[in-house]
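>>> Sequence below, structure please.
(one chain, ligands or ions: 1)
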Amino acid sequence: MIEKKNNHFEFRKNVLHAEEISILELAKSTKTPFYIYSAGALEDSYNSLVYSLKELNHSLYYSVKSNSNVAVLRVLSLLGAGMDVVSSGEYLRARKAGVPGEKIVFSGVGKTFEEMILALKQGIRQFNVESIPEIYQLNLAASKVNKVAPVSIRVNPDVDAQTHKKIMTGKAENKFGIPIMLAEKVYEIAKNLENISIVGVDLHIGSQITHLAPFKEAFQKIAKLIYSLRNKGHNIKRVDIGGGLGISYSRAQGDPIPLKDFSSMLKSIFGGMDLEIQIEPGRYISGNSGLLISSVIYLKEGSSHNFLIIDAGMNDFIRPALYEANHDLIPIVSSMDEDPKIEVDVVGPICESSDVFVSKAVLPIMRAGDLIAIYSAGAYGAVMASEYNTRPLVPELIVKGNMSSIIRSRPNLFETINRDQIPYWLR
Ligand SMILES: Cc1ncc(COP(=O)(O)O)c(C=O)c1O
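Numbers count the residues shown, from 1 in each chain. As a prediction, this is how the structure comes out:
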């Protein structure tokens, strides 16, 4: 088993480094807040996952939505990863990173006609189709460009993924997929459409899943469905099991689901079925490969709480506000154990009470300008950032050994403001 290393972000002589590079030094030339990714960490998590699946006929499609920076996609595409996309924008990012259309899977509950045409013309491995109207629309799009669209139907197995309710996707009440009891009917419809070719079955029950049981329950239901579909003459060559593998958000812990347990479960369910297993991990690869670096603006004493106000806000990193996510927050220069500590709520500058990164953290006393790292910010971080409060999008950097590069720069504030226009009748 290839062990996933956790030493891509390490303290050296009391200063946090990303691979070989001091974050203190980086922050002298790049204004905080900024994201920083480790190419080595991306490579390690990709390699350890692929290695764990080596006894299975498998292929991997990185879920672009978790971190879609083209440089991140490039690191993974150079290792051989395919991509799972949910929009034409993500599709074009994958292409820009050098991924051929034949290694791109198109997921998503609301693909438009134009998106279908784009992917059909440029090449696609499969569409994961989520509704009856979508299959008719795809058939029409494919006939318009004289192609046959390869299709897996996304099935909703009605399984509780035991994760946060906002990232649960495999229960009957979620908008995703076709209810499992209707799946066979949809396969019959698809079979009779001239420009559709069935290639497999797809599911994705949620994200940040930390127990094996929900995966197992869902995959067992899907295996049963595949037997039944094959008996009815459908050509099911692949099962796309989605993403969802959870990560540890605490630096001290390893993966919540050991990869060897995950792969043996897959083997026990799908092993003898002559199927290609496709996996669409996002967070597992990108989550622990990135940090958000921020500076302290003020330490403010309240009547009941102290507030450490930092320059990153919920617009830059929304996971704590949206999902009640807990991330480790660590000063970039480590203090001596005997240095005085203080209990603080670490908050951003946004005018919302939900702009809180952590409550009641015990941290060394920090002053204006001191740097702090928000850990495990590589997935669903920069991709979900907004310009709320008219704050330009946060920049992104990547390091590899002793090299560092800006991979998305901070837009100039006036570019942001000048996108708005005053109509002639208000001048
Ligand atoms: C269809 C699909 N596949 C894969 C993923 C990736 O999930 P994760 O980042 O949890 O691996 C998602 C994310 O929600 C998804 O919607």
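>>> quick one, domains of the chain?
28-33+288-418, 107-281 (automatic domain parsing).
>>> residues in this protein within reach of the ligand, list them.
Within the chain, the positions lying close to the ligand (C-beta under 6 Å from any ligand atom) are 63, 65-66, 84, 107, 204, 207-208, 242-245, 280-284, 379. To be clear about C-beta, it is placed using only N, CA and C from the backbone, and glycine gets the same treatment.
>>> helix, strand or coil for residue 399?
Following DSSP: H, G, I helix; E, B strand; the rest coil, residue 399 is assigned to strand.
>>> Isn't it up against residue 35?
No: between residue 399 and residue 35 there is no contact under C-beta atoms under 8 Å: 11.4 Å.
>>> More neighbours: these two, which one.
The residue with more neighbours, out of residue 399 and residue 35, is residue 35; 26 against 23, by other C-beta atoms under 10 Å.
>>> Confirm for me that that one is in contact with residue 290.
Yes: Residue 35 lies in contact with residue 290 (C-beta under 8 Å); the separation is 5.6 Å.
>>> Please enumerate the shared neighbours of these two.
Here residue 35 and residue 290 share the contacting residues 377, 378, 381, 382, scored by C-beta atoms under 8 Å, 6 or more residues apart in numbering.
>>> can those go into JSON lines with extra columns for secondary structure and pLDDT?
Output for the shared contacts of residue 35 and residue 290, formatted as JSON lines (DSSP: H, G, I helix; E, B strand; the rest coil; pLDDT from 0 to 100):
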{"residue": "377", "secondary structure": "coil", "pLDDT": "98"}
{"residue": "378", "secondary structure": "coil", "pLDDT": "98"}
{"residue": "381", "secondary structure": "coil", "pLDDT": "98"}
{"residue": "382", "secondary structure": "helix", "pLDDT": "98"}
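>>> Buried ones among the residues you listed?
377, 378, 381, 382 (16 or more other C-beta atoms under 10 Å).
>>> right, and residue 416 touches residue 387 too?
Yes: with contact defined as C-beta under 8 Å, residue 416 reaches residue 387; the gap is 6.1 Å.
>>> Count the neighbours of the residue of the stretch 251-400 of the chain found nearest the ligand for me.
For the stretch 251-400 of the chain, the residue closest to the ligand is residue 282, as judged by C-beta to the nearest ligand atom, at 2.7 Å. For residue 282, the neighbour count with other C-beta under 10 Å is 25.
>>> what's it in contact with, if anything?
Contacts of residue 282 (C-beta under 8 Å, 6+ apart): 62, 63, 64, 65, 66, 67, 84, 207, 243, 379, 380.
>>> Columns neighbour count on top of those residues, output as a markdown table?
Putting those into a markdown table (neighbours: other C-beta atoms under 10 Å) gives the following:
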| residue | neighbour count |
| --- | --- |
| 62 | 33 |
| 63 | 28 |
| 64 | 30 |
| 65 | 23 |
| 66 | 24 |
| 67 | 29 |
| 84 | 30 |
| 207 | 27 |
| 243 | 25 |
| 379 | 26 |
| 380 | 23 |
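>>> Make TSV out of those residues and add pLDDT and secondary structure.
Conversion of the contacts of residue 282 to TSV gives the following (pLDDT from 0 to 100; DSSP: H, G, I helix; E, B strand; the rest coil):
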residue	pLDDT	secondary structure
62	98	strand
63	98	strand
64	98	helix
65	98	helix
66	98	helix
67	98	coil
84	98	strand
207	92	coil
243	97	coil
379	98	coil
380	98	coil
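>>> if we take the residues you listed, which one ends up nearest to residue 276?
Distance to residue 276 across the contacts of residue 282 (C-beta to C-beta) is lowest for residue 84, with 14.8 Å.
>>> So in terms of bridging, what pairs with that closest one?
Here residue 84 sits in beta bridges with residue 63, residue 105, going by DSSP bridges.
>>> Am I right that it is in contact with residue 243?
Yes: counting by C-beta under 8 Å, residue 84 does reach residue 243; the two are 7.5 Å apart.
>>> For residue 339, give its distance to residue 75.
37 Å (C-beta to C-beta, to the nearest Å).
>>> neighbour-wise, which of these two wins?
residue 75 (25 against 9).
>>> Could you pull out the buried residues of the helix or strand residue 228 falls within?
According to DSSP states H and E, residue 228 maps onto helix 212-231. Neighbour counts over helix 212-231 (16+ other C-beta under 10 Å) mark 214-223, 225-226, 229 as buried.
>>> same thing with stretch 65-83?
Neighbour counts over stretch 65-83 (16+ other C-beta under 10 Å) mark 65-77, 81-83 as buried.
>>> Next, the distance between the ends of that stretch.
10 Å (C-alpha to C-alpha, to the nearest Å).
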